[in-house]
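**Student:** next input, structure requested:
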Amino acid sequence: MAKKAKSRRPGLLRTLLAVLVVLALAATLLFTVFRRQVDTMEYPCRYNEYVEYYAGKYNIDPLILYSFIRTESNFNPNAQSNVGARGLMQITEETFDWIKLKIAPSEDLTFNDLYDPETNIRFGTYFVSYCLLRYHDDLATAAAAYHSGWGTVDNLLAQAEYSSDGETLDHYPYPQMRLYVRKITNSYQRYQDIYNEK
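**Tutor:** Model (predicted):
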């Protein structure tokens, strides 16, 4: 009888090992699914119909636009800053007027229409595309211009301590600008990590 009990032990150990392996694989799968859900909640792709359309129209990676919207308003269409910027992409009245002359001169749009998600994304996408075009598709420099204006960025580009080539910024002397650029670029990297996973 003792010999029979011993002969059963290797089989029992193999069974237990197999169960532990299955449980470990299941836990890994559950953790991966949970992590993905958390990531997509933290970095969502809301208003994707408008984002995808205008990203295609202006030849921009949609993930860049999501990065701006997340940074500017955290996807709140009714957001308003302390300087009066409005909507998802936080556009000021002065910038709204300038963009309207460029893309919608004959349309009956007012500054209040920036609370409409489609209008805001349409105008904001044009502005982002203009900044990218102006600064040679360098996202960091374009983000600095979106935040602080072309005049400020152009002035910095003319100074060797901030730009080695006069076309893109290497350093950001203003804390708010530096923080904003970091938020945009980090957010874009996270969006790429999450949504470009294979």
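
**Student:** quick one: N76 is in a helix?
**Tutor:** No - using DSSP: H, G, I helix; E, B strand; the rest coil, the secondary structure at N76 is coil, not a helix.

**Student:** which other residues reach stretch 128-146?
**Tutor:** 58-60, 64-65, 68, 89, 127, 150, 152-153, 156-157, 167-169, 172, 177, 180-181, 184-185, 188 (CB atoms under 8 Å, 6 or more residues apart in numbering). Where you see a C-beta, it was placed from the backbone N, CA and C, and this is true even at glycine.

**Student:** distance from the chain centre to that stretch, please.
**Tutor:** Remark: stretch 128-146 is offset 14 Å from the chain centroid, using CA atoms, centre = their mean, to the nearest Å.

**Student:** again, but for stretch 41-58
**Tutor:** Here stretch 41-58 is found 10 Å from its chain centre; the criterion is CA atoms, centre = their mean.

**Student:** could you give the mean pLDDT of that stretch?
**Tutor:** For stretch 41-58, mean pLDDT is 97.

**Student:** okay, now the unreliable bits of the chain?
**Tutor:** Judged against pLDDT under 70, the low-scoring parts of the chain cover residues 1-8, 16-24, 26-39, 197-198.

**Student:** the residue most central in space within it and S106: what is the separation?
**Tutor:** Among the residues of the chain, the one closest to the centroid is S67, at 1.7 Å (CA atoms, centre = their mean). Using CB to CB, to the nearest Å, S67 is found at 32 Å from S106.

**Student:** could you do I121 as well?
**Tutor:** In terms of CB to CB, I121 sits 20 Å off from S106.

**Student:** so for these two, which residue has more residues nearby?
**Tutor:** More crowded of I121 and S106, by other CB atoms under 10 Å: I121, with 25 against 6.

**Student:** need the contact list for that one.
**Tutor:** 47, 50-51, 54, 65, 69, 88-89.

**Student:** ok so L179 is a helix residue?
**Tutor:** Yes - according to three-state DSSP, L179 belongs to a helix.

**Student:** what about it, neighbour count?
**Tutor:** Count around L179 with other CB under 10 Å applied: 12.
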